[in-house]
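Asker: just to be clear, the model below is a prediction. Sequence and coordinates:
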Amino acid sequence: MTISRSQTAKQVTTVPSKSKTKKDACYHKVKSRYKVWPSAYASGALAKCRKVGAKNWGTKKTKKM
């Protein structure tokens, strides 16, 4: 019994490689601030950054008197 190349090509399955996801601005901001990645503090900061937006995260509000 011989197997042709077309039959072997159908039998071989390819394993999908892990696709790289795009990193958002919050990811880069938080990762640059924390030395240990991943950590509970960094993950919490990432969640807070994504909640308020990258432009507003890490800026302090100043009160005018």
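Answerer: Structure received. Numbering: from 1, shown residues only.
Asker: quick check: what element follows the helix or strand of the chain with the lowest mean pLDDT along the chain?
Answerer: Across the helices and strands of the chain, the lowest-confidence element by mean pLDDT, DSSP states H and E is helix 5-11, at a mean of 59. Counting by DSSP states H and E, the next helix or strand C-terminal to helix 5-11 is helix 25-33.
Asker: which strands and helices lie in contact with the helix or strand just after that next one?
Answerer: Downstream of helix 25-33, the first helix or strand assigned by DSSP H and E is helix 40-52. Counting by 3 or more C-beta pairs under 8 Å, 6 or more residues apart in numbering; DSSP states H and E, the packing neighbours recorded for helix 40-52 are helix 25-33. C-beta: built from backbone N, CA, C; applies to glycine.
Asker: does anything pack onto the helix it packs on? Which helices or strands?
Answerer: If you count contacts as 3+ C-beta pairs under 8 Å, 6+ apart, helix 25-33 packs onto helix 40-52.
Asker: buried residues in the helix it packs on?
Answerer: Judged by neighbour count (16 or more other C-beta atoms under 10 Å), helix 40-52 contains these buried residues: 42, 45, 46, 49.
Asker: how about residue 41, nearest residue that isn't a chain neighbour?
Answerer: residue 34 (6.4 Å; C-beta to C-beta, 6 or more residues apart in numbering).
Asker: and that neighbour, what is it in contact with?
Answerer: Applying C-beta atoms under 8 Å, 6 or more residues apart in numbering, we find residue 34 in contact with 41, 42, 45.
Asker: ok, the second one touching residue 27?
Answerer: No. Shown here, residue 42 and residue 27 do not form a contact pair, counting by C-beta atoms under 8 Å, at 10.0 Å.
Asker: mutual contacts of the two, please.
Answerer: With C-beta under 8 Å, 6+ apart as the test, residue 42 and residue 27 reach no residue in common.
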